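J.: Got a sequence here, can you build the structure:
(2 chains)
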Amino acid sequence: MIILGACNDEFLERYPTDEISAETFWKTENDLLTYNNNFYHMSQNDVDIPIMLGHHNSAFDGLIASYLNVDGFSDNLAPNHGRHQFFQQVRAGKQIVPTESKGKDKQWYGYRGWNFVRSINIGLENYPKANIPEETRNKYIAEARLFRGWFYHHIVKMFGDAPWVEKELNIDSEELYAPRTPREEVMDNVLADLNFAIEWIPEDWEDGNNPGRLNRWAALLIKSRICLFEGTWRKYHGGSNPEMWLNEAADAAKEVMESGQYSLYDTGNPEQDYNAFHRILDLSGNPEVMVWRRYQLGILTNHIQNYYSYTGGATRSFVEDYLCKDGLPITLSDQYKGDNTIEDVFVNRDPRLRQTILHPEDSDIYKYHVADGLKYPRIQGQPGGRTSSTGYHVIKHYNADDMIGKAYATGETPAIILRYAEVLLNYAEAKAELGTISQGDLDRSINLLRDRVDMPHLSMNPPMDPHYANDGISPLLVEIRRERRIELFGEGFRYDDLRRWKQGKKLEKPDMGIQWNQAAMERYEGAIVQTSVDPENGKTYIDVYKGTDFGNPVFNENRDYLWPIPLSDLAQNPKLGQNPGWK
Amino acid sequence: MIKRYQSLFIILLCLLAIVSNAQDSSVSGTVVDGDGLPIPGVTIIVKGSVSGTTTDLDGKYSIAAPSSATLVFSFIGYEPVEMQVSNQSIINVTLNESTQALDEVVVVGYGTQEKVNLTGAVGVATSERLQNRPVANAAEGLQGVIPNLNITPRNGDPSKSPEFNIRGYESINGGAPLILVDNVPMNLNQINPNDIESVSVLKDAAASAIYGSRAAFGVVLVTTKKGKKGKISVSLNSQFSLAKPILNIDPITDPHEFVNVWNIANLRTNGVPRFDDDMVEGTKKWSENPTLENAWGVRNKELRFYGYNNYQDDLLTDFAPTQQYDLSISGGSENANYFVSFGHLNKDGYLNSDRNENFKRYNALMKGEFKVTKWLTLEEKIVVNTQRSDKPYFYNWDVNINSFARVSPIQPIQFPDLPFYIEQGDRPVYERFIGKYFDGTNFWPYLNDGGRSTWSTNDIWLTQGVVLTPVKGLRIQSNFSYNFFYRTEQNVASKVEVLSTSLGDPDGIISNGFSGNDFIEEKNRFNQYYVFNAFADYKFDLPEKHVLTTMVGFNQEWGQNKLVSAKNNTLVTPLIQDLKGTIGNQTANGESNHNALRGVFYRVNYIFDERYLIETNGRYDGTSRFPKADRFGFFPSVSLGWRISNEEFMASASGWLDELKIRASYGELGNQTILDNDGNPIWYPYVATLGIGQSPYMMTANNRTPYVSPAGLVSPTLTWETVASKNIGLDFTLLQGKLNTSFDLYSRETKDMLMKVTYPSILGTDAPQSNAADLRTTGWELAVTWRDRLKSGLTYDVTLALANSSAEITKFENPAGDISTKSSGELSSHYVGQKLGEIWGYETVGIFQTADEVASAPDQTALGSNWRPGDIRYADLNGDGKISPGSNTLADPGDKRIIGNTTPKLSFGINNNLQWKNFTLNMFFQGIWKRDHWPSSGNWTWFFPFNSGYAENYFITESWSEDNRDAYFPAPHISTNDKKNIQTQTRFLQNAGYIRLKNLALGYNLPNKWMDKIGLQTANIYLSGANLWEYSPIRKPLDPESIYGGAIEYPLQRIYTVGFNVTF
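T.: Predicted structure coming up:
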């Protein structure tokens, strides 16, 4: 039957039957398109590749990896859930150098995701094999480079210098053991990636755009965000040519603004328009939402509404930043009613406050905590319902309809990845930092946001808010930054913004909550809180972390602007070098 | 082909009808020993048949036999005696004590060998070890029987196979022994333990080189029973067992105590109590007066439970039944013999529900041998193994069998029947919920109303064999086996309704808990495999004193695996459990692969004057798993033996020394198996392919996005790991076979191990595997048997199996000396000089007693913040004034050091058999002398207080407080996120050594005089118990044998069995 000796024949030649070989791929446009789909697939992993940050779908990581939580690193939110300890550590300046980027001591939003870079680089090396027109090919190169630039920005943002790689590495590649590429060189490369993307990526992929692929407008917004970050970083931390970056940021934003492709979501209802589109399940056709992620039962779901309370609550610092109806800060306006009760806080304020923080009278409207009929706010320690750490329950993205009657991990709350409001804010800030801003610029950026909520326009010479008088910036810039904090609250910007503005000292102020007077103690019976007296006004407020591991926050100016590289990465390549102060 | 087997089947059935009609006459007599004392229990069989009997207490027997027959008298420890009947009606026999064990024939690779002539290291177990024990699979029965055949039960789940290992740590890539049943690779879990005739474990290269590239880590040869010449023998065995889980937990049952202790822990952790004053008061009230009224309350429209639910007791039965039935029929004539057996095992899980888990096994084995001519014999075999498992669908860790260890006493289970809820008169609103189950960690609703996960496997083997004996001394054998393996799996995740305790909105009380995303998933696996063997042995006709046998052979194997799966969302109704009955999103998937092996092998064995033994084995092997140039390897071995006891100079010792032999062997073996990170085989490790998938990232509604992902890195020059094995052995038998000892010392060098070097993460993918690492395993094993018979008629034997091994990395690329550890303290990489199993951790100084001590101690902020009295104080080993992992390298390990090793030190099995009159007693102990174990500090695992939802009494008594400063554990602290006090460290390292009574069996053979009357040959009844007793220094609630899974799964169980066995 079988002849002995004829051993090395076809019988032992066995090749895979369910995967593609590299030789037969990379031929057609469809091959390139399908390959590039992998970038979307990968970046849906919000833990490893937190650039298109959505609401991560897995059971445990899902309660951390969402843009709703990222403000927990900053003075906007005071998370008090044990599972958000990493936010508390960073917020308090008590980050522990992680032993490894993954695993038990996970560094969220950290030094990881290099498989994404590899995947992109392999694509870039192989696209030339396809026998297709140059401009067709360039669409896919552009898309890949957009992702690469975006990802490297994330790494630079968190770690400064970064190992720049633009080809597939193998185990004998020198790059593996090279020192990190200096920040400015990496960013030059990032800019080149972004510029190529903007030149070649289609304005419309004709894929229905619902949400479809990243298009040129998205690329421009990403560019404006990245360039604004880099420009302001260099301006405040030192670095060459911040003006160039700020100009690039302004120009990119301007191009989106002038395209007329997008506009703010505005139905003429200033009391609802700001948060309405953050609280619906289908964003199709929304004029403001440029990129979003779909969730749908049976395909991809999240549980973010049920984890909503893990963010703790908004801080007094944040709530006090809202202007009064007259366009003045609470420090200057005579409309401000103070904060003796939580209701007082909302009186005569920017309507966005009441669309961001739960007003006690709005519990029914928002069906707060599955319409349990309890009185809100509820403070930690109080029985029943959903409690907050500060008294300021966040409702900006709260959608009871995605929770009531819904089972574990079946939520379909979409993730807004990029929205047009940011374009306007980036534009105004870049122009203001450059010193080239005009009233016209304000009117077509900040003042559009103000119009939506029926707030007075910002003018070129606002009065200086005494609260920010010592920041060393102009009153106009104070107001533009304020606008950004207010508008983009809960969307993951604040911590990065403070770092690029070199305002880390703002994180040395403990996170406070509502005023804790006798009336409050009676009203919130059962609450268990720590309090401190504000030396400025002599009143007592909830002091969220007092007496805990994360009381007395510190911010080490010489260390905390950049994160530590995990020990395992340093052990494998000591030339990476640890960031300053993290020894 | 199918047709051929059909006819075979008919032939086999016909054979059953053949009954010997020869005229028998009655023979009786007495059997005595050399001292003239009667020997009870001597087996007497009619030679060439299975007809037989045993002597009674007075050594008397009676048997029906034809006058032409020969009777064979045999008894353990005695020389067998054959007597011609020749018309005698009384035959008295004297048996002499013997060295009978020496004549044992042992199954070796492609053949058999007399035990005295073995030169390799081979361990043997016979069917007796597996009989009359409530083992769900053969592996359980073999645990501890053969030294260095290490069998680790995963847990008590009968549907999970235990792990096999021979002689310790294999390779950093894992690896397992090759398990062959009648020369074909089979899953030992599938077959019926009662069909096993013998098990040989080939431990060294000399014994296993004939299996070449798959034998690197030893071979287990299982031989099934076959028919013997003689009248039809029918044997029926039935047993019934009750299993009780070994649960070492001591939960807090007073809800008030529970609430208080959690509040203490929570307050220390984040300043906020877990339970409010109302819960504290409510539970107190209930504790003092446990009435229904006090058990429930409503506060802020939220229903509250202040009472105690004995969830564990309600969920688990005390005893889970198992039934086992085996029927075998065997017999034969001069020219044909047959063996047919049917087995059935039915084992329930221990859920206290009519929707309990269930596992079933059905086995059929049919074997026939037909001597067609003098030189031609045909062998036929059909094996059908079927298993079925039926369990509740696994919705989530919170709501499955594991929940029994995670549920707190105050978890509300069922909606109560109260006079009113929020206010007087509202009972009608809530009446409809009474008796329904709550959400949260509560298995009941999912168990009672949820879907099931079922799977069944059908493993069918058809074998055709031919044996040719054309000339004297030459025997040519060939067999072809074809395997069909089907596995069908269905997971039904249907919707379940659970209740919230928030009564505010009566319409919103019901939700679907973990079952919101309902679906049906079907997976069908169809594997085919064939094995072709052809081998010939020849015994040369040489002058006396010379024995030369040779063997050459060829083996070819081929396999193809295919999987089709589909998952459809949204059931129309939970009643229709078919893909057809779904209306939601649909996904289908497939997988396929194929592989092949081919090899030629030889054996030459020469014996001079029964004194000098030499044997060489070898195999030239090829596999489809490696690139063409590196596909083949040659694996030779040589072994020598010297039977010193047969030397003339030893003649003077013959009075007490029966046998003394030393053995030595050297050989090289290969390992073709490469596993991925999940332990699945990589079939084409040298071929780079792009992955294909369907991403849940939606670019448009309802549609997954197809994508192609890049190929990983592969090494084009991949080849075998080779294993060089050295063995020295010593066998001796003393005192007329009373003491039998075998000792082996070995080393095993695993060379060119495929390793994944840990490269900097910027590489962006797993490093390709390359043949670049070495390790050395060294160890020894000892088997000692003492058997004797006392004047009183008591016969007994004691077998001790002892083994030890350790392994060290001798080559590995880890230039940075990276010693990053996993949460188990195990390294994520290796380094040269590493003793495998090392646990890296901190040294514990103790528990901080005062604030001053904290202030003056080295800075521990690298491990956590806010250190206070009651927290753990670590030792500053490197004296730098702070506690840290340094840079996690060998050069700078910070304050970490090696604190232990998970390798078992000295594993043992002690087997005792006693026989007195008609009674038999077996006691089998198995254990490990010492083994370090770091208890999982992960969430929801046992051991560290407050890592899970429940609480045990020791959380209170053994946690630090001002009044309990000598406590074992630090002050109560929720460590689910902050592990600062439970870093891997010396203080909590456990010794997982143990000794466990694996089997205790008492049997009674019904007297022969009763048997004769009812026409039975033998009958016995037995009682047995498995895992009845254990001792271990490990702290409760850990069990030393089920600590390795991490999460709490099925505990092991104590099993009580009653059974009977009849042969007629």
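J.: alpha carbons only for contacts and neighbour counts from here, please
T.: Will do.
J.: correct me, but A:Thr181 touches A:Phe159?
T.: No - when contacts are counted by C-alpha atoms under 8 Å, A:Thr181 is not listed as touching A:Phe159 (11.4 Å).
J.: which of those two has more neighbours?
T.: A:Phe159 (19 against 16; other C-alpha atoms under 10 Å in any protein chain shown).
J.: so the more buried one makes contact with A:Asp560?
T.: No - if you go by C-alpha under 8 Å, A:Phe159 and A:Asp560 don't touch, sitting 10.3 Å apart.
J.: quick one: A:Glu175 from B:Ile928, how far?
T.: 48 Å (C-alpha to C-alpha, to the nearest Å).
J.: Which of the two has more residues huddled nearby?
T.: Taking neighbours as other C-alpha under 10 Å, A:Glu175 and B:Ile928 compare with B:Ile928 leading, 23 against 18.
J.: so what's the more buried one up against?
T.: B:904-908, B:992-995 (C-alpha atoms under 8 Å, 6 or more residues apart in numbering or on different chains).
J.: any low-confidence regions in the stretch 51-200 of chain B?
T.: Residue ranges of the stretch 51-200 of chain B with pLDDT under 70: B:76-77, B:97-103, B:131-137, B:144, B:152-161, B:168-174.
J.: What ranges does it have for its helices?
T.: B:138-142 (DSSP state H, counting those that start in this stretch).
J.: which ones are touching the residue in it positioned nearest to chain A?
T.: Closest residue of the stretch 51-200 of chain B to chain A, C-alpha to the nearest C-alpha: B:Tyr110 (17.8 Å). By C-alpha under 8 Å, 6+ apart, the residues touching B:Tyr110 are B:183, B:535.
J.: rerun that using 10 Å as the cut-off
T.: Counting by C-alpha atoms under 10 Å, 6 or more residues apart in numbering or on different chains, B:Tyr110 makes contact with B:182-183, B:210-211, B:221, B:477, B:533-537, B:551-553, B:601-603.
J.: filter those residues by proximity to chain A?
T.: With C-alpha under 10 Å from any C-alpha of the partner chain as the criterion, the contacts of B:Tyr110 include B:Gly553 near chain A.
J.: just the buried members of the contacts of B:Tyr110?
T.: B:183, B:210-211, B:221, B:477, B:533-537, B:551-553, B:601-603 (16 or more other C-alpha atoms under 10 Å in any protein chain shown).
J.: Tell me where the model's unsure across the stretch 201-350 of chain A.
T.: Applying pLDDT under 70 to the stretch 201-350 of chain A flags no residue at all.
J.: what separates the residue of it found nearest chain B from B:Leu188, distance-wise?
T.: Per C-alpha to the nearest C-alpha, A:Gly212 is where the stretch 201-350 of chain A lies closest to chain B, at 4.5 Å. Going from A:Gly212 to B:Leu188 by C-alpha to C-alpha gives 52 Å.
J.: Nearest residue to B:Gly886 in space, please, no chain neighbours.
T.: Take B:Gly886 and drop its neighbours on the chain: the residue closest to it by C-alpha to C-alpha, 6 or more residues apart in numbering or on different chains is B:Gly894, 3.6 Å away.
J.: Quick check: bridge partners of B:Met753?
T.: B:Ala773 (DSSP bridges).
J.: so who does it touch?
T.: B:Met753 neighbours (C-alpha under 10 Å, 6+ apart): B:171-173, B:671, B:674, B:719-723, B:769-775, B:811-812.
J.: How about the secondary structure of B:Ser654?
T.: Following DSSP: H, G, I helix; E, B strand; the rest coil, the label given to B:Ser654 is helix.
J.: ok, the residue lying closest to B:Leu149 once chain neighbours are set aside to B:Leu236 distance?
T.: Closest residue to B:Leu149 apart from its sequence neighbours, by C-alpha to C-alpha, 6+ apart: B:Ile166 at 4.7 Å. Distance, B:Ile166 to B:Leu236, by C-alpha to C-alpha: 34 Å.
J.: Please apply the same query to B:Thr582.
T.: 47 Å.
J.: And A:Val533, by the same measure?
T.: To B:Leu236, A:Val533 is 85 Å away according to C-alpha to C-alpha.
J.: okay, these two: which has more neighbours?
T.: Higher neighbour count among A:Val533 and B:Leu236: B:Leu236, with 19 against 14, using other C-alpha under 10 Å.
J.: tell me which residues form a beta bridge with that one?
T.: In beta-bridge terms (that is, DSSP bridges), B:Leu236 pairs with B:Leu327, B:Val1062.
J.: Would you mind confirming that it makes contact with B:Asp326?
T.: Yes - the pair B:Leu236 / B:Asp326 is scored as a contact, 5.8 Å apart, by C-alpha atoms under 10 Å.
J.: so what sits against both of those two?
T.: Counting by C-alpha under 10 Å, 6+ apart, the residues touching both B:Leu236 and B:Asp326 are B:341-343, B:1061.
J.: With respect to chain A, which of these is nearest?
T.: Using C-alpha to the nearest C-alpha, these come closest to chain A at B:Ser341, 32.3 Å.
J.: The closest one and B:Ser330 touch, don't they?
T.: Yes - using C-alpha under 10 Å, B:Ser341 is in contact with B:Ser330, at 8.4 Å.
J.: How about the residues of the stretch 151-300 of chain A by chain B?
T.: Applying C-alpha under 10 Å from any C-alpha, one finds that the stretch 151-300 of chain A approaches chain B through A:163-165, A:168-173, A:175-177, A:207-213, A:282, A:284, A:292-300.
J.: Now go through those and say which are in strands.
T.: A:292-293 (DSSP state E).
J.: Would you list the buried entries among the residues of the stretch 151-300 of chain A next to chain B?
T.: A:163-165, A:168-171, A:175-177, A:209-213, A:282, A:292-300.
J.: Read off the pLDDT value for the residue of the stretch 101-250 of chain B found nearest chain A.
T.: For the stretch 101-250 of chain B and chain A, the shortest gap (C-alpha to the nearest C-alpha) falls at B:Ser213, measuring 14.3 Å. pLDDT for B:Ser213: 78.
J.: wait, what's in contact with it?
T.: B:178, B:597-599, B:619-623, B:632-635, B:668-673, B:720-723.
J.: Pretty sure it sits in a helix.
T.: Yes - checked against three-state DSSP, B:Ser213 lies within a helix.
J.: now it, nearest residue through space, not along the chain?
T.: Excluding its sequence neighbours, the residue lying closest to B:Ser213 (C-alpha to C-alpha, 6+ apart) is B:Gly670, at 4.0 Å.
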